[in-house]
Structures are given as structure tokens and as C-alpha cells.
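A.B. asks: Quick one, fold the following:
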Amino acid sequence: MRIRAFALALAALCLAEPALSTPCGDSAAGFDAWKRDFAREAASAGVGQRGLAALAATQYAQATINADRNQRSFRLSYPEFCQKRGCDVIAQQGRSRKAQTPAFYASLERAYGVPSGLLIAIHGMETAFGRFMGNANVLNATATLAYDCRRPDFFRPHLIGALRMIDRGMMSPGAIGAMHGELGHTQFLPGNALTYGQDGNGDGRTDLTDMADALASTANFLRQKGWRPGESYQPGSHNFEVLKQWNAAGVYQRALAEIGARIDG
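C.D. replies: Predicted coordinates for the structure are as follows:
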């Protein structure tokens, strides 16, 4: 009897334990139900009414799922990757951009300790210097990936970040970005934008679609991740390892290091 009573008590305790997170799904069928469940999780994380209303209005982004299943660039060899992404063009245009506004880039380097060439390389690699910042709804993309079973634990904090940014007026529910929810000149995921965003132009707000804010935020991200000012960022260095925090693909890190060095001369 005592064993049975203990088993019943243990079962009751397990049933009383709250779920760590809402279930995931692999199609649009369960998305609306998931949103209702996730709203409770978001509210407990501090998301307010504006953010919750934006979450309720999100739509499943099939185009984002298609793109997520079809990422081939990082499977290329380094020469193939650089040819596809235009490394030579980025380096050439990057040198020109630095020469046009050297004081601006020097101010970023003084403030954060990250070399101008590297920031320019990131800007060029991510959005062709702001010429293409995406064509997907950021919130729809982020919510879809937070729901999808492939990487929900990675994207759910970014969805919370996006909703909190909406609460604060840092982002509108209609904000446009890349297929995985990245936004702005250097394609910050929303959680990172919330955490590392900086007011680079001094207007009192952080807007990643403003180049100065985006580059200051990028420099701040790297510095907060352990960047050591004045040290090399070429392969084998500490700072090269920090670049993995920006993008985990080895070909991408190498491209940034080589392009940045070419820009800085």
C-alpha cells in the first residue's frame, strides 16, 4: 500500500510540473493553437499587450520554412563561397566606402575597438551595404521558426525579443527583414537586436535600418562577445574565434577576416 501511495504521489507531482515550453510543429496545421499556448509563455517573459497582439496576428511563413530547408551556400568550398557571395566586390566597394567617410568608421573603432574593415565587411556580406535587407515579415518568420520543430529552442528567445521590441516601439509588427527574421543593415536576429542594439546616430533610439545604429550595434555585439581591441582577427587568433558568435560557418568567418584585412590595407 505504501509503495502504491508513493507511486500515486509521484505521478501527481509530475502532472503538476508545468511544461518547459509549448509544443512544436512541422506544418501550418497547428500554428494557431501554438500561438495561443506561446502567448502565455511570452506574457510570463514580460511581453506586454502590444507584443501579444502582434503575436496573435502572425501568419505561418511557408517561404521561411522552404528557405530554412534549402541553405546550400555554407556547403561550398571557400573559393566557391567567395565567388557566389562576391568577396572581391565587397572588398573593392568597402575600401571606397571607408575612404568616403573615414571619420565615421574611426569613431566606431575608438568606441568599440573593432576594426573598420571588419565592420564594413560584415555590412557588405550581410546586405550588400544596405541594398537588400530582405523581403520577409520579421515577426512572421521568427514566429514560424520558433514553432517549427527543427530549432525551436534557438528561435524562441528571438521571438520573445521581437515581441518586446514591439512593446518598446523599437520595431513594428510589419517590419521587413530576411527569411530567418534577421533585420537591418547587418541582419540582427531580434533577440540580439534587443540585447546589443546601440544608438549610433545620437537620435535617442535604436533603429537597425539606420546604418549608424546597425554598425554600432554590430561592433557592440562583437565587443560584448569578447573581442580584444588591437589584436589580430585572422585565423588562429582569439578574435577570429569571436567571429563564430556572429556566424558559425567557417567559410563565412574566413571571408570576413580576409575582406576586412583587404579593406583596412
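A.B. asks: per-residue confidence at M211?
C.D. replies: At M211, the pLDDT value in this model is 97.
A.B. asks: Wait, it touches T127, no?
C.D. replies: No: look at M211 against T127 with C-beta atoms under 8 Å: they stay out of range, at 9.8 Å. No exception for glycine: its C-beta is placed from N, CA and C like everyone else's.
A.B. asks: what about the longest helix in the protein?
C.D. replies: helix 152-168 (DSSP state H).
A.B. asks: right, and the helix or strand after it?
C.D. replies: strand 176-177 (DSSP states H and E).
A.B. asks: circling back to that earlier point, what residues sit buried inside the longest helix of the chain?
C.D. replies: Applying a neighbour-count criterion of 16 or more other C-beta atoms under 10 Å, one finds 152, 155-167 buried in helix 152-168.
A.B. asks: Mind giving me the packing neighbours of that helix?
C.D. replies: helix 31-44, helix 49-56, helix 138-147, helix 190-196 (3 or more C-beta pairs under 8 Å, 6 or more residues apart in numbering; DSSP states H and E).
A.B. asks: Among those helices, show me which one is buried the most.
C.D. replies: Among these, judged by mean count of other C-beta atoms under 10 Å, the one packed with the most neighbours on average is helix 138-147 (a mean of 28).
A.B. asks: hey, C-alpha coordinates of that one in CSV?
C.D. replies: Provided in CSV are the C-alpha atoms of helix 138-147 (Å, rounded to 0.1, in the frame of the first residue of the first chain):
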residue,chain,number,x,y,z
VAL,A,138,10.3,39.6,-39.5
LEU,A,139,7.7,38.6,-37.0
ASN,A,140,6.0,36.0,-39.2
ALA,A,141,9.4,34.5,-40.0
THR,A,142,10.6,34.4,-36.3
ALA,A,143,7.3,33.0,-35.0
THR,A,144,7.3,30.3,-37.7
LEU,A,145,10.8,29.2,-36.8
ALA,A,146,10.1,29.3,-33.1
TYR,A,147,7.1,27.0,-33.7
